[in-house]
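[1] Sequence first, predicted model second:
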Amino acid sequence: MANQDNCGEEPERRPIIERRPNPDLWKKVQEQYSDTDKDKLQMMETVISRIRELPEEADHLLISISKAGSLRLKRRLAVLLASKPSIPWGLWLDLLQNLGEENDPQVKETIDPLLQPYRQLAESIKEWQERVVGFIPKEFFTRIADEQVALQKALAPIDEIQRSIQTFFQLNLPTEQIRKNLESLARIQIPRVQLPRGVLDSIGLVSRYHNFTYGNIARLSPSYYPPEEEPHPAKASEHPLILQLRGLPPGQETWPEYQRLCQDMLSFCFVPPLLEPVYEESTTGGIHRRDMIYHIPHDASGFWAYVKTAHSALAVIVDAKNYTGILPKDQIVITSKYFGPKKLGNFGIIICRKGLDDSGNKEQADRWVHHDEMIVCLTDDDLEEMVGLKLAGHDAEYVVDRKIRELRSAL
C-alpha cells in the first residue's frame, strides 16, 4: 500500500461551498430538466455556474445526465467539467466517473486529462485488487452471476454464512486505506494535470465490484424488515390526504389531480430521507404523464440504503395511474422503460386505485425474475396504511418492503 508519509507538502485545501438556495431558480432548473435537450443544456450550465444558489437535489440532475443523458448532453457536460468549475469535489468526481464509462472518443478526449493527481490512489487500488483475488474464490462470483438460488443453497448453513461474511469483511483494512487517500485528495483544488487512463478504469472497476458484490449479498434477503416486526398504523381515515384520496374519482379527467395527490402522500411518508421529487413528462395514449423521480441520497441508511444496494437504484421511479379498473401487463412494461444499469437503477413504484390484473401480476414477476427489475404496486389501501404508519411514528417504508417480500415469496 502506498505510504502517505511520502506525499510531500499538504495539498491546498478546497474551500467549502456554502449553499443558499434560490427557490425561483430551482423551479426554473426543474422545468428545464423536464424539457428538450436544448433546455437541459442550459440547465446544466445554470447548475454548474450557480450551484451556490441551488439545493443539493440539483446535483442529482447532473448525475442523472452523466449516466443516462444523450451523447450531446454528455459531451457538453465533459467540456463544462474541464473548465474547472467551482462545484463540490465529490460531485465533480462522481460526474467524471460516470462519463468515464462512455465510449465516445470526444468525451474521453475531454475528461482523460483531468485525473492526473490520482496516481498514488491507483497504486492503492492495484494492491487492493490483488488482495481481492486472494480473499474470494472465483467460484463465489460465478455462483452469484449464474444462479442466485445456487448461491443461497451454498450458503445455507449458518456457520458457513458467518465464515463467508467474515472473510469478505477482511477487505475492510485496504478499503479504509483507499478511503483515507480519497479524503486527502478531497483537499486538492480541481485537478490541473493528467492522470493515466487506466486509473479511472480502476476506480470504475472497484466501484462496480463493490456494487456487484454488496448488491448480490443484499438480494439474498427477500426484504429489509423482518416479517415479525410489522408495526400497527394509526387510524388515518380522517387525515386530509386520505379524505382527498377518497373524494377523488378515478379516470382520465382527474388524472393530474391524482398525480399531485400521490406526490403529496409519498413526500409526506418518505421525504426525508428521500429528496424532493423531480419530474419526467410525456404524453401516452392522450394522457399527460408526469412521472416522479425521488432520488436516494448518497448517505442513505436503513431501508433506502438496502434498496439502493440490492436494486442498484440511484432513485425511486414513481408512476401514478388513475385507471378506473385493475392494471394490465402493458402498464408494467411502460414503467420499466426507465430501468437499466445506465439509467436510474432497477426499482420503481406504480400507484393505482385497484392493483394489477393477472397479466400485470405475471409481468411484475417476470420483470424481477428475468430482468432484476423490482416494480412495487401500491393501491389506495396501501397509501392509507402508509399514512397511518407515519402518524403512529413508524416507518411508512414497511408497506413497500412487505410488497417486495410478498412478490419474492410467491415465486
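    Nice, I can see it.
[2] Find the nearest non-adjacent residue to Y306, please.
    Y224 (4.3 Å; C-beta to C-beta, 6 or more residues apart in numbering). Just so you know, the C-beta spots here come from the backbone N, C-alpha and C atoms, and that holds for glycine as well.
[3] Go ahead and report the secondary structure state at that neighbour.
    coil (DSSP: H, G, I helix; E, B strand; the rest coil).
[4] quick one: it and D401 touch, right?
    Yes: under the criterion of C-beta atoms under 8 Å, Y224 makes contact with D401 at 5.1 Å.
[5] intersection of neighbour lists for those two?
    Shared contacts of Y224 and D401 (C-beta atoms under 8 Å, 6 or more residues apart in numbering): F303.
[6] related to what we said a few turns ago, list the contacts for the residue nearest to Y306?
    302-303, 306-307, 397, 401.
[7] Mind giving me the PyMOL select for those residues, buried ones only?
    Buried members of these can be picked out in PyMOL with the line below, counting by 16 or more other C-beta atoms under 10 Å:
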select buried, resi 303+306+307+397+401
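[8] and which of the contacts of Y224 is nearest Y338?
    Minimum distance to Y338 across those is 15.0 Å, recorded for V307 (C-beta to C-beta).
[9] which ones are touching that closest one?
    So V307 contacts 224, 296, 313, 316, 347 (C-beta under 8 Å, 6+ apart).
[10] Tell me if it really is in a helix.
    Yes: under three-state DSSP, V307 sits within a helix.
[11] when you give positions from now on, start the count at 13
    I'll keep to 13 as the first residue from here, and by that count the last item is V319.
[12] Outline the domain layout of the protein.
    Per automatic domain parsing, the structural domains of the chain span 35-126, 129-230, 244-421.
[13] weakest of these by average pLDDT?
    Note on these: lowest mean pLDDT is at domain 129-230, with a mean of 55.
[14] Just the C-alpha atoms of stretch 80-95, please, in CSV.
    Coordinates of each C-alpha in stretch 80-95 appear next as CSV, following Å, rounded to 0.1, in the frame of the first residue of the first chain:
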residue,chain,number,x,y,z
ALA,A,80,-28.4,8.3,-18.9
GLY,A,81,-28.3,11.6,-20.8
SER,A,82,-27.9,11.8,-24.6
LEU,A,83,-24.5,11.9,-26.2
ARG,A,84,-24.9,15.6,-26.9
LEU,A,85,-25.5,16.3,-23.2
LYS,A,86,-22.6,14.1,-22.1
ARG,A,87,-20.2,15.9,-24.4
ARG,A,88,-21.2,19.3,-23.2
LEU,A,89,-21.0,18.1,-19.5
ALA,A,90,-17.5,16.9,-20.1
VAL,A,91,-16.5,20.3,-21.5
LEU,A,92,-18.1,22.0,-18.5
LEU,A,93,-16.1,19.8,-16.1
ALA,A,94,-12.9,20.6,-18.0
SER,A,95,-13.4,24.3,-17.4
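[15] Contacts made by it with the rest, please.
    Residues contacting stretch 80-95 (C-beta under 8 Å, 6+ apart): 49, 52-53, 56-57, 60, 74, 77-78, 104, 107-108, 111, 114, 116, 118-119, 122-123, 125-126, 352, 354-356.
[16] mind redoing it with 7 Å?
    Residues from elsewhere that reach stretch 80-95 (C-beta atoms under 7 Å, 6 or more residues apart in numbering): 49, 52-53, 56-57, 60, 77-78, 104, 107-108, 111, 114, 116, 118-119, 122-123, 126, 354-356.
[17] Next: stretch 399-419.
    Applying C-beta under 7 Å, 6+ apart, the contact partners of stretch 399-419 are 234-237, 239, 242-248, 251, 253-254, 277, 280-282, 315, 376-377, 380, 386, 388-389, 394, 397-398.
[18] Would you work out how far apart the start and end of it are?
    Length of stretch 399-419, first residue to last, C-alpha to C-alpha, to the nearest Å: 22 Å.
[19] cool, stretch 106-118 as well?
    Note: stretch 106-118 ends 19 Å apart using C-alpha to C-alpha.
[20] Buried residues, it. List them.
    So, applying 16+ other C-beta under 10 Å, buried residues of stretch 106-118: 106-114.
[21] okay, those residues in a markdown table with distance to R64 next?
    Shown next, in a markdown table, are those (distance: C-beta to C-beta, whole Å):
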| residue | distance to R64 |
| --- | --- |
| D106 | 18 |
| L107 | 17 |
| L108 | 21 |
| Q109 | 23 |
| N110 | 23 |
| L111 | 23 |
| G112 | 27 |
| E113 | 29 |
| E114 | 28 |
